[in-house]
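Asks: Sequence and predicted structure below; questions after.
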Amino acid sequence: MTRRAIAVLAMAWSAAAAGMNFPPVASASASPAQVWVGEAVQLSSAGSLDPDSSPAGLTFSWDFGDGSAPSTLPDPLHTYSRAGAFTVTLTVFDGAATSLAGATVTVLARPTPTPPTRSGPLALDGAELWVVNPDSNSVSLLDLSTSAVTEIPVGRAPRSLALSLDGARVIVACSEDGALWLIDRPRRAVSGTVPVGHRPFGVAAIRGGSRVAVTLEAGGELVLLDVNAPAAAARIPLAAVPRALAVSHDGRRAFVTHFLTRGDVGRVSVVDLPSAAVLREVDLVEDPGPDTPSSGRGFPNLLGSVAIEPSGEGLWVGGLKSNTGRGLYVNGLPLVPLNRLRGLLARIDGTDLQEALSARIDTEDADSATGIAFSPDGRHGFALHQGAGRLSVYDLPAAAAVSRGDGTTIPHLARVDVGEAPHGIVLSQDGTRAYVANYLSRDVAVLDVQDPAAPVLLRSIPVTSEPLPPEVARGKRLFYRSRDPVHSLQSYIACASCHPDGAADGRTWDFTQSGEGLRNTIDLRGHGGMAHGPVHWSANFDEIQDFENDIRHAFQGTGLMSDDAFNEGTRAHPLGDRKAGISADLDALAIYLASLDRYPRSPYRTADGHLTASARRGRALFRSARLACTTCHRGAPLTDSGFVSPGGPRLHDVGTLRPGSGRRLGEPLLGIDTPTLYDLAASAPYLHDGSAATVGDVLGPRNPADRHGVTRHLGRRERSDLEAYLLSIDAAGDN
């Protein structure tokens, strides 16, 4: 007899002597505590007792937690018909008093006979791990049995790869080449290329043959092709910026994430592969909140990772939430670091093809979720956080049982550092090892995950040498980091959170509390740091190092320079004493941004990179004196941005200022800095406040008085031609 039982009996005897009833003691257990759907669980009341055996014998009532009828047996068998974490409650009654005990049963759906496939920066087959190196223009083969690395040069900016299901090829999507590169696996050598279109990003194998699916991020398409007969490719138009994709285990459906959310909902396209048609667009709605220290509102955005559960019953999408519905102008509440940006994991039900909003995970103390993987049984989810450089492990059934909406934190089982900018993860077939591709560490982290609650980093294996100049590489790592305490409070915000890959997040932020107003995020690519003049729509920064102010104030990090240096003289003011040369880290950040001197190619050009006939007519209109476009959009950078006096930028009021436009550094906003017209194809929405959804809106509804170019007189065809030209402006020039 246990000490507890002896103590209970002693108290019961005392109670009986006093003519009192002592309550019963309930004890509940489940064996096994984890089962498959349809597998019986043996529940036991063993250990329950009535200390004083009065006033009647014990009776039992079991609530199984799934809504089914209760049982009065002392030790019932129960079978669950759906997956989840169920709380079983035993009520014991002695005729006068009751006692409760509980147990948790985790029920999992069985995995599909063959696994699904998906796009990603790494792929595992036995002891062979293949990894893309975007900045090195290469793919590395890591032999896990020996740690030997074989690096194979491919095209420009490889972003994802897939292993053909026959084991013969590795298919690599090279974004800047507009092509798939094919590697002969046995020979470890490139065997050919297949042009597919503008900026291929995700590639995944389709079961049932030698076909693959490819997302064209700039072209807005999903391409289905047989690598043995690429000429017969099918092209499926999709919403803008398709990126990651996953293909069901039977090869019948593809799920495609749309990286940027420019409106009110994030999107995942569901494509029926046999008919090559979009079956449905799944909306990921704004998180309603509330904004608390451990949860937050926001629009799902940067949806760059997707993975189908082993059972095929659902899929998860990773990204972040941009809280652009908050701000002093838009809703009266100031932006705060804990509720500006938060990591997001969203589950879509595979049957009704809708997001299960109640299952959404708001990642605590971490930024964007850039990689997702599952344990073989589907119980545990592994999520990467790019800026924090960490891996989180979630017990998914337990997380789904947590009520949302009251600020309750969705618990993670474990969190561990893995490297710089992790962007892809796979698990071994037996689930004992996890492999993480670290984009900016240039390595693969190997983790022991036999116990998901206690992952252990075993080693990090370099897979490519550093391809960038030292200070550019240093600045790029700083740009991607969100780590507490230096970069942001509690690791939520990195520069890359709003400027992914140096681009724009497609959102308009309310910076009224910072002395500004509504500001549409600017694409940094092609600007070369300060090559175009002052920074931001109001020209309120005169050096890249002024972003120290954002790190300290908006992100609430401790910053990249010392407090003494920051507060010396007028340096704390963006247009005050120079910050350059004070902090090596800030200078490296500026050097990295200066390296972003190339614009992406426009998908509105012909296949060989020339202007279409419509765009050539639009070019003539743009240059004509009657439209006056080149008054401000002039010279090689197509902007007249610059300072006409110390701290005094050249600004223009072209009729786009509105009450939400706010101020400039707390002073009246007299105009807007002229933006370049390069890369309009990738930078919607438009204007400083994001009020123009299309270039056509800029030329028409948002320019009623002809203050922003003389366009009212243009006919439908002329306006279409001008729009075609503006969307075609890229690094290729005017050809």
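Replies: Nice, I can see it.

Asks: just for this structure, where's the confidence low?
Replies: Counting by pLDDT under 70, the chain contains low-confidence ranges at 1-19, 404-407, 734-735.

Asks: can you give me the helices for it?
Replies: Assigned by DSSP state H, the chain shows helices spanning 3-17, 396-400, 470-480, 495-498, 547-549, 563-566, 584-594, 613-623, 695-699, 716-728.

Asks: Compare those and give me the one nearest Gly263.
Replies: Gly263 lies closest, by C-beta to C-beta, to one member of these: helix 695-699, at 13.5 Å. Placement of C-beta: from N, CA and C, glycine included.

Asks: Need the residues that contact that closest one.
Replies: Helix 695-699 is contacted from outside by 680, 686-687, 691-692, 708-709, 711, 714, 719, 722-723, 726-727, using C-beta atoms under 8 Å, 6 or more residues apart in numbering.

Asks: Kindly report the same for stretch 85-102.
Replies: Stretch 85-102 is touched from outside by 21, 23-28, 30, 43, 45, 48, 50, 54-66, 78, 80, 103-107, 395, 397-398, 400-401, with contacts defined as C-beta under 8 Å, 6+ apart.

Asks: Also stretch 120-133?
Replies: With C-beta under 8 Å, 6+ apart as the test, stretch 120-133 has contacts from 134, 138-145, 151, 158-163, 167, 170, 172, 244, 305, 371, 423-428, 435, 437, 439, 442, 444, 463-464, 467.

Asks: What residues sit buried inside it?
Replies: For stretch 120-133, a neighbour-count test (16 or more other C-beta atoms under 10 Å) marks Gly120, Pro121, Leu122, Ala123, Leu124, Glu128, Leu129, Trp130, Val131, Val132, Asn133 as buried.

Asks: do stretch 622-642 as well
Replies: Quick answer for stretch 622-642 (16+ other C-beta under 10 Å): Phe622, Leu627, Cys629, Cys632, His633, Pro637, Leu638, Thr639, Asp640, Ser641.

Asks: what's the answer for stretch 134-144, then?
Replies: Within stretch 134-144, the residues scored as buried using 16+ other C-beta under 10 Å are Pro134, Asp135, Ser136, Asn137, Ser138, Val139, Ser140, Leu141, Leu142, Leu144.

Asks: can you redo these as TSV with distance to Thr114?
Replies: Output for the buried residues of stretch 134-144, formatted as TSV (distance: C-beta to C-beta, whole Å):
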residue	distance to Thr114
Pro134	30
Asp135	34
Ser136	33
Asn137	33
Ser138	30
Val139	25
Ser140	27
Leu141	24
Leu142	25
Leu144	23
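
Asks: From the residues you listed, pick the one nearest Thr292.
Replies: Distances from Thr292 to the buried residues of stretch 134-144, taken by C-beta to C-beta, are shortest for Pro134, at 36.6 Å.

Asks: right, and the closest one touches Asn438 too?
Replies: No. Checked against C-beta atoms under 8 Å, the pair Pro134 and Asn438 is beyond contact range at 12.0 Å.

Asks: got the contact list for Gly557?
Replies: Asp484, Pro485, Val486, His487, Ser488, Leu489, Ile551.

Asks: doesn't Val203 make contact with Val172?
Replies: Yes. Shown here, Val172 and Val203 form a contact pair, counting by C-beta under 8 Å, at 7.4 Å.

Asks: Quick check: neighbours shared by these two?
Replies: Both Val172 and Val203 are contacted by Ser160, Leu161, Leu180, under the criterion C-beta under 8 Å, 6+ apart.

Asks: For burial, what's the neighbour tally of Ser562?
Replies: 12 (other C-beta atoms under 10 Å).

Asks: distance of the residue nearest to it when sequence neighbours are not counted from Pro470?
Replies: Nearest non-adjacent residue to Ser562, counting by C-beta to C-beta, 6 or more residues apart in numbering: Ser583, 7.8 Å away. For Ser583, the distance to Pro470 (C-beta to C-beta, to the nearest Å) stands at 16 Å.

Asks: Show me the strands in the stretch 601-735 of the chain, by range?
Replies: Assigned by DSSP state E, counting those that start in this stretch, the stretch 601-735 of the chain shows strands spanning 643-645, 648-649, 663-664, 667-668.

Asks: Show me which of those strands has the highest average neighbour count.
Replies: strand 663-664 (a mean of 20; mean count of other C-beta atoms under 10 Å).

Asks: That one pairs with which strands, parallel or anti?
Replies: Neighbouring strands of strand 663-664 in its sheet, by DSSP bridges, are strand 667-668 (antiparallel).

Asks: For the strand it pairs with, which outside residues touch it?
Replies: Identification of contacts with strand 667-668 by C-beta under 8 Å, 6+ apart yields Gly515.

Asks: could I get the shared contacts of Val172 and Val203 as CSV with neighbour count?
Replies: Compiled in CSV, the shared contacts of Val172 and Val203 are given as follows (neighbours: other C-beta atoms under 10 Å):
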residue, neighbour count
Ser160, 29
Leu161, 27
Leu180, 28
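
Asks: And the residues you listed, which is closest to Asp367?
Replies: When those are compared for distance to Asp367 (C-beta to C-beta), Ser160 wins out at 21.1 Å.

Asks: Based on its surroundings, how many neighbours for the spatially closest residue to Ile591 that is not a sequence neighbour?
Replies: Among residues not flanking Ile591 along the chain, Glu471 sits closest, at 4.6 Å (C-beta to C-beta, 6+ apart). Residues lying near Glu471 (other C-beta under 10 Å) number 17.

Asks: I'd assumed Asp587 was in contact with Glu471.
Replies: Yes. Counting by C-beta under 8 Å, Glu471 does reach Asp587; the two are 7.5 Å apart.

Asks: if I pick the nearest residue to Glu309 once chain neighbours are set aside, what's in contact with it?
Replies: Distances taken as C-beta to C-beta, 6+ apart put Gly378 closest to Glu309, at 5.1 Å, once the chain neighbours are dropped. Under the criterion of C-beta under 8 Å, 6+ apart, the neighbours of Gly378 are Leu108, Ala109, Pro111, Glu309, Pro310, Ser311, Leu396.

Asks: Roughly how far does the last one sit from Ala588?
Replies: Distance, Leu396 to Ala588, by C-beta to C-beta: 39 Å.

Asks: Also the third one?
Replies: Taken as C-beta to C-beta, the spacing of Pro111 relative to Ala588 amounts to 46 Å.

Asks: quick one, which of those two is more surrounded?
Replies: Legend: neighbour count by other C-beta under 10 Å for Pro111 and Ala588, higher for Ala588 (21 against 18).

Asks: Contact partners for that one?
Replies: Glu471, Val472, Arg474, Gly475, Leu478.

Asks: Surely the fourth one and Leu593 touch.
Replies: Yes. Using C-beta under 8 Å, Gly475 is in contact with Leu593, at 7.2 Å.

Asks: tell me the domain boundaries of this structure?
Replies: Domain assignment of the chain by automatic domain parsing yields the ranges 3-108, 117-467, 477-594, 613-728.

Asks: Quick one: end-to-end length of the third one, please.
Replies: In other words, domain 477-594. Domain 477-594 has an end-to-end distance of 14 Å (criterion: C-alpha to C-alpha, to the nearest Å).

Asks: can you start the count at 537 instead of 1 from here on
Replies: In the new numbering, first residue 537, that becomes domain 1013-1130.

Asks: from the middle of its chain, how far away would that domain be?
Replies: Mean C-alpha position of domain 1013-1130 versus that of the full chain (C-alpha atoms, centre = their mean, to the nearest Å) differs by 21 Å.
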